[in-house]
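*Asks:* Using only what follows, build the 3D model:
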Amino acid sequence: ARDALRCDLPGFTGWALAELVEAAVRTGDLTLATEANARLRERTAPAGTDWALGTQAMAEALLAEERQTETHYEEAIERLTRGDIRCQLGRARLLYGEWLRRRNRRVDARTHLRAAAQLFSTIGATGFAERARRELLATGEATRKRTADNQRQLTPQESRVAALAREGFSNAEIAGQLFLSPRTVEYHLYKAFAKLGINSRAKLQLTFAG
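*Replies:* Down below sits the predicted model:
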């Protein structure tokens, strides 16, 4: 996160600051976390969008006093839901679920952790999906284990990308239809090809059932 901040690019710097807040909190460096949060606020407050203010609320929750934490997480989830920022919404629900679980509020925690796990699986964020699954297990809820069989199954997003590729759409065209970047489309195709045991679009016609 510190290395990322060396590139002062619009949008990118705000993302790096938000990551730095969480990383610093996780490693116990509250001074660094507070400084990063103040820098983040300098960007999010003037922007005033649900994405910016939702991200800010999530950062504030990580540093807030106990009685204020929940309010910040609820604001983050509300704003990020309204702004349809799916990845950040998943992060907010995951953090909130983790916080609730550590306060033995297991029923409340499961609601947010389930939502986070499902959202991350849908968009192909497998690392975060696994983190949410582990937290769900810690609440006492049984979740589907990752086995060799289900690791080969396509995620919903991989299925959508592969289906469009099979129909002859280019990566750029798929990106436009699914509101993704071409690089993300390329990544999903790479994952789908690996799971299906193929190495080209031409073989989708033979191996992908839709």
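*Asks:* So which residue is smack in the middle of the chain?
*Replies:* residue 87 (3.4 Å; C-alpha atoms, centre = their mean).
*Asks:* for the helix or strand harbouring that residue, the distance to its chain's centre please.
*Replies:* Taking DSSP states H and E as the definition, one finds residue 87 inside helix 86-101. Centroid displacement of helix 86-101 relative to its chain, using C-alpha atoms, centre = their mean, to the nearest Å, is 9 Å.
*Asks:* same check, this time on stretch 73-83
*Replies:* Centroid separation between stretch 73-83 and its chain, computed with C-alpha atoms, centre = their mean, is 14 Å.
*Asks:* same thing with stretch 168-182?
*Replies:* 20 Å.
*Asks:* got it, and stretch 85-96?
*Replies:* A distance of 6 Å separates the centroid of the chain from that of stretch 85-96, by C-alpha atoms, centre = their mean.
*Asks:* Can you give the contact residues for that stretch?
*Replies:* With contacts defined as C-beta atoms under 8 Å, 6 or more residues apart in numbering, stretch 85-96 is touched by 22, 50-51, 54-55, 57-58, 61-62, 70, 73-74, 76-77, 80-81, 112-113, 115-116, 119-120, 122-123, 125, 128, 131-132, 135. From N, CA and C alone the C-beta is placed, and that goes for glycine too.
*Asks:* now stretch 31-50
*Replies:* Outside stretch 31-50, the residues that touch it by C-beta under 8 Å, 6+ apart are 13-14, 17-18, 20-21, 24-25, 52-53, 55-56, 59-60, 62-63, 79-80, 82-83, 85.
*Asks:* Can you mark which positions in that stretch are buried?
*Replies:* Going by neighbour count (16 or more other C-beta atoms under 10 Å), the buried part of stretch 31-50 is 32-33, 36-37, 39-41, 43-44, 50.
*Asks:* What of stretch 169-181?
*Replies:* Those would be 169, 171, 174-175, 180, for stretch 169-181 by 16+ other C-beta under 10 Å.
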